[in-house]
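In: Let's see this in three dimensions:
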Amino acid sequence: MIQPANRVNEIQEYYFSRKLKEVARLNAEGQDIISLAIGSPDMPPSPQTIDKLCEVARRPDAHGYQPTVGIPELRQAMAHFYKKWYDVDLDWKSEIQPLIGSKEGILHVTLAFCNPGDEVLIPDPGYPTYTALNKILGTKITYYDLREDNGWQPDFDKLEQMDLSHVKLMWTNYPNMPTGGNARMETYEKLVDFAKRHGIVIVNDNPYSLILNDHPLSIMQVEGAKDCCLEFNSMSKSFNMPGWRVAMVVGNPTFISWILKIKSNVDNGSFRGIQLAAAEAFNTNTPEWHHEYNVETYRRRRDIAEEIMTTLGCTFDPKQVGMFLWGKIPEKYKDVEELTERVLHEARVFITPGFIFGNNGKRYVRISLCAKDEKMKEALKRIQQFQW
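Out: From the prediction side, this is the model:
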């Protein structure tokens, strides 16, 4: 009797993969479910980005294998992006590695730094992929708490009380998903100090810094961060390119070389047209474009999401940023799915229960802003028809 590898039994199918099958079945029955669950931007990339992709795709010499390290034009554009938005200088030749999405980067970084059994610090609540990939790779997972009363920032006093002798990596994510807790320079400075004193590599996942955020920050702005930190950034969210799978990891040349050694044995570089189109977006998307798509549009939708939260009796921090709204459910519900399942099957609106992000999310829901204004208004109208 053939059995799967043990790691298959350590994880479950991704929540959205499972739940979207149910939503598809309900839609096939004529339910017309409005999804406010997944953070997949519904808007297009800039016109010049699409034009560049089409232009390159027509070239007969553009369809061969590409270097895993990424083409120079893309790495130069990524360095330009960091200088433009964060005033951080990066050597495009040695301090930037393009990725086929940040999810891939989590795998490669963990393979590059951790042996089976090494310890990894993961935020709770946090992105489920941090947990799933570390289970697959056989590292020891230790969660650290993020709490609403601390602005969803790490509790450094608690961290210092832990046995950190076997910790290799610490995953952070600011602006935070799912909570919307914003990046703070004070937190970044404490993280760099913490990493240096304990010999830990901080990996900051930073795809949301331009969305509903007037002051984008990077951990690389802290003096000495390159010595002990890596940072992910992505085009999926702020450039409306989730399906293109373009991201980056930045850090010191030694760390980047280790990641490249792993990555070059796993995949080749992405299609040249995608790389050149991504470079075009980095180089030509104006601050006005970013303001329209990443601030004005999401601000309108956020106002509607706040009405939905209020209608459901949920409380939320109005200062949160990013492309989601995170809210605490009323005490009358025994668990979050009691609310989210009612919303799905009665109001025909799909919102995300916070338990999928960890134990500290069990009393929260998340609403995505990645739906047209009209769809969000219709979702609000449906929800207002019921008593919650």
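
In: so how many other residues sit close to H80?
Out: Using other C-beta atoms under 10 Å, H80 has 15 other residues around it. In short, each C-beta sits where N, CA and C put it, glycine included.

In: mind checking which helix or strand it is in?
Out: Using DSSP states H and E, H80 maps to helix 72-86.

In: beta partners of M248?
Out: Beta bridges link M248 to P98, N233 when assigned by DSSP bridges.

In: Can you get me a residue count around it?
Out: 26.

In: does it really touch Q97, like I thought?
Out: Yes - contact criterion C-beta atoms under 8 Å: M248 and Q97 qualify, at 6.6 Å.

In: For the helix holding H80, name the packing helices and strands.
Out: Helices and strands touching helix 72-86, by 3 or more C-beta pairs under 8 Å, 6 or more residues apart in numbering; DSSP states H and E, are strand 96-99, strand 229-234, strand 247-250, helix 272-284.

In: List the contacts of the first one.
Out: Counting by C-beta atoms under 8 Å, 6 or more residues apart in numbering, strand 96-99 makes contact with 69-70, 74-75, 78-79, 90, 105, 108, 232, 246-250, 256, 259-260, 263, 269-270, 275, all of which sit outside it.

In: For the helix or strand just after that strand, C-alpha coordinates in PDB please.
Out: The C-terminal neighbour of strand 96-99 among helices and strands, as given by DSSP H and E, is helix 102-113. Written as PDB, here are the backbone C-alpha positions of helix 102-113 (Å, rounded to 0.1, in the frame of the first residue of the first chain):
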ATOM      1  CA  SER A 102       7.000  35.900  -2.100                       C
ATOM      2  CA  LYS A 103       5.500  32.500  -1.300                       C
ATOM      3  CA  GLU A 104       8.300  30.900  -3.300                       C
ATOM      4  CA  GLY A 105      10.800  33.100  -1.400                       C
ATOM      5  CA  ILE A 106       9.600  31.800   2.000                       C
ATOM      6  CA  LEU A 107      10.600  28.300   0.700                       C
ATOM      7  CA  HIS A 108      14.000  29.300  -0.600                       C
ATOM      8  CA  VAL A 109      15.000  31.400   2.400                       C
ATOM      9  CA  THR A 110      14.100  28.700   4.800                       C
ATOM     10  CA  LEU A 111      16.000  26.100   2.800                       C
ATOM     11  CA  ALA A 112      19.000  28.400   2.600                       C
ATOM     12  CA  PHE A 113      19.200  29.100   6.400                       C
END
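
In: helix or strand right after helix 102-113?
Out: strand 119-124.

In: Which strands border that next one, and is each parallel or antiparallel?
Out: Partners of strand 119-124 in its sheet, by DSSP bridges: strand 140-145 (parallel), strand 167-173 (parallel).

In: hey, which of those is tucked in deepest?
Out: strand 167-173 (a mean of 23; mean count of other C-beta atoms under 10 Å).

In: send the alpha carbons of that one over as CSV?
Out: Written as CSV, here are the backbone C-alpha positions of strand 167-173 (Å, rounded to 0.1, in the frame of the first residue of the first chain):
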residue,chain,number,x,y,z
VAL,A,167,16.4,30.0,16.6
LYS,A,168,17.7,30.7,13.1
LEU,A,169,15.0,32.9,11.5
MET,A,170,12.3,35.2,12.7
TRP,A,171,9.4,36.1,10.3
THR,A,172,7.9,39.5,10.5
ASN,A,173,5.3,41.2,8.3
